[in-house]
Structure formats: C-alpha cells, structure tokens
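Engineer: Task: produce atomic coordinates for the following.
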Amino acid sequence: MNHLPIAIIGGDLRFVRLCQLLIDKGHNVYVYGISHPDIPNQATICSSLEDVKKCKYIIAPIPFSKDNNTLFTPLSNVSISIEQFFLVANNSFVLLGALNNNLKLLFKKHNIQYKDLMDMDEAAILNAIPTAEGAIQYAMQNSEITLHDSQCLVLGFGRCGKILAHKLYGLGANVSVEARSSKDLAFISTYGYTPIPLKDLKNHLDKYHFIFNTIPAIVLDTEAIKKMSKDTVYIELASAPGGIDPCATKTLGINYIPAPSLPGKVAPKSAAKIIYHCFSLILHDMGEFL
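Structural biologist: Numbering: from 1, shown residues only. Have a look, this model is predicted:
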C-alpha cells in the first residue's frame with residue numbers, strides 16, 4: 001500500500017471523520033483550517049497553509065467556497081483566501097466539491113488539476129441517501145403531523161428527487177413529483193407517485209403539507225407562493241439560488257427550512273465514507289491506490 005501525503009483543508013464534520021479513515025489506512029494526513037477534538041493524534045496539524053505544499057493530494061471543502069473569496073471553513077476561525085489556496089496547490093491534485101462556473105475558470109487559469117465530487121455520478125447518487133434521510137428528519141422536526149398519510153411534493157426527479165420520493169413513499173406519504181419531461185412523468189407514474197407537469201404545478205400547490213425542492217433554479221415565484229397553504233413546510237435541498245425566494249416565503253408566512261449540505265450535518269461518518277470511496281476511484285484511475 002502507498003502511504004500517501006494527503007492534506008485536508010477546511011470542511012465540516014465529515015472531513016474530520018475522513019481524516020480518521022485516511023489515518024486508519026496508514027496515510028500521512030496534514031490538516032489545516034479545521035479545529036475539532038476528534039482529529040486523530042496521528043494527523044499533522046499544520047501551523048500555516050504553506051505546510052501543505054508537500055502534499056501530492058489535497059482534499060478541499062464541500063462546498064469549496066460559499067462567497068467566492070474564501071474556502072468553506074466552518075470548524076475553524078482561520079480565513080483562507082482562494083488566491084492563497086492556489087499558491088500552495090499548484091503542484092497538487094485537488095479533490096473538492098460544488099464549484100460554480102467562475103471558480104472552475106479560476107482553477108483552469110491557475111492550471112490546477114482537480115476533480116469536483118458533484119460531477120461524479122457515484123458521489124451524487126450515494127450522497128442522495130443521507131440527503132433524503134436528512135430531509136425527512138428536518139420535515140419531522142418542523143411539523144406537528146406525521147409523514148405517513150401526509151401530502152408531499154418533491155420538486156425535481158433527478159438523483160436526489162428519485163431517492164427522496166422512494167423513501168417518502170415507503171413511510172406511507174402520498175407522494176407527488178414535479179418534472180418537466182414526459183419520460184420522467186411516465187416513470188413517476190409507474191412508481192406509484194402522482195406526476196405533476198411543471199406547467200400545471202401552480203394548480204396543485206394548495207394541498208401539500210411538505211414541499212421538498214431539489215432543483216437549483218427558481219421554480220416557485222411569488223404568485224406560486226401565494227397559492228401554497230400557510231401550513232406548508234418548504235424544505236430547500238438545492239444549492240443556490242434554490243427553488244424559491246426565502247424573503248418572499250417570510251413575507252407570505254410560509255415555513256421555509258434551509259437544508260444545505262445535509263450529508264455533513266446528519267450523517268458525517270457515512271458522508272466521509274462516500275468521499276473516501278470516490279477518492280479511491282479517482283486515484284485508481286490515476287494508477288494509485290488508497
């Protein structure tokens with residue numbers, strides 16, 4: 001087995017758990033931008049970003065950045081600018097997640113090799129499981145009714161939407177799923193859910209107890225929000241800009257629940273295993289092995 005020098009920079013609790021996984025496999029792990037009591041003693045805690053230059057591989061946060069200026073470091077008071085990061089990562093391969101188009105252009109400009117986990121089908125499919133379970137947890141915590149026999153709407157029938165609809169259906173919810181394509185609508189019907197074409201969506205919004213959005217684009221405008229029941233719990237699973245205007249939901253009295261990065265919040269150990277698995281696949285393609 002290769003004992004690789006791997007840096008973990010920033011990130012949430014799943015990266016703490018990932019650190020333990022890598023240590024258990026005998027790798028030399030360098031940590032910067034994370035402060036947590038569960039970081040294993042065998043890891044090297046870096047005093048500066050310069051200390052990770054020696055690492056052939058860098059695992060950066062998911063999302064990589066929330067403000068397009070600094071890395072996502074929720075477990076540390078350290079601020080790491082993206083430009084600082086580029087200076088130390090120019091000879092490394094970077095594994096990260098959720099890059100927007102502007103950041104992708106910056107990585108290309110700096111000639112830094114990287115892989116976005118969110119571009120991997122394996123990662124997206126596996127992460128949909130803790131996302132769906134977390135969404136159900138949030139729904140139960142923010143309502144006085146059971147999901148069983150409730151009216152649920154899932155916006156979008158991608159990887160996350162499919163798994164979420166399946167789990168809601170298994171709990172006995174009455175599941176409707178919105179989709180654009182006639183192919184998706186046909187699949188939705190065969191699974192026993194109620195298909196809702198996008199063009200007809202506004203005609204159905206008044207009956208749902210829960211609405212789960214998986215589409216990273218505005219689906220529900222102000223007119224649509226006005227049609228929703230005041231008892232509706234709206235759970236936002238998609239990345240920015242999300243499917244609805246949060247300010248409009250507040251003004252119109254809709255219970256809006258932001259639920260970003262659920263794998264790291266509700267199942268960090270499972271999420272760490274997913275990152276590890278995908279990292280293994282990437283290294284295997286590069287001729288190295290974890």
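
Engineer: shouldn't Val233 be in contact with Asn142?
Structural biologist: Yes - if you go by Cβ atoms under 8 Å, Val233 and Asn142 touch, sitting 5.2 Å apart. C-betas here are computed from N, CA, C, even on glycine.

Engineer: list residues touching both of these two?
Structural biologist: Asn255, Ile257 (Cβ atoms under 8 Å, 6 or more residues apart in numbering).

Engineer: How about Leu290, nearest residue that isn't a chain neighbour?
Structural biologist: Ser280 (4.5 Å; Cβ to Cβ, 6 or more residues apart in numbering).

Engineer: what's the pLDDT at the one you found?
Structural biologist: Note on Ser280: pLDDT of 94.

Engineer: Tell me the buried residues in the helix or strand encompassing it?
Structural biologist: With elements taken from DSSP states H and E, the one containing Ser280 is helix 268-285. Neighbour-count burial for helix 268-285, with 16 or more other Cβ atoms under 10 Å as criterion, is recorded at Pro268, Ser270, Ala271, Ala272, Lys273, Ile274, Ile275, Tyr276, Cys278, Phe279, Ile282, Leu283.

Engineer: Of these, just say which sits nearest to Tyr30.
Structural biologist: Set against Tyr30, the nearest of the buried residues of helix 268-285 by Cβ to Cβ is Phe279 (15.3 Å).

Engineer: quick revisit: show me which of Val233 and Asn142 is the more surrounded one.
Structural biologist: Ranked by neighbour count (other Cβ atoms under 10 Å), Val233 and Asn142 place Val233 first, with 23 against 15.

Engineer: The more buried one pairs with what?
Structural biologist: For Val233, the beta-bridge partners under DSSP bridges are Phe210, Asn255.

Engineer: contacting residues around it?
Structural biologist: Counted by Cβ under 8 Å, 6+ apart, Val233 has contacts Ala139, Asn142, Ser143, His209, Phe210, Ile211, Asn255, Ile257.

Engineer: measure the fourth one to Leu153 for me?
Structural biologist: Relative to Leu153, His209 is positioned 9 Å away (criterion: Cβ to Cβ, to the nearest Å).

Engineer: residues near Gly264, how many?
Structural biologist: Gly264: 24 surrounding residues under other Cβ under 10 Å.

Engineer: ok, it - contacts?
Structural biologist: Counting by Cβ under 8 Å, 6+ apart, Gly264 makes contact with Gly11, Asp12, Leu13, Arg14, Ile62, Ala271.
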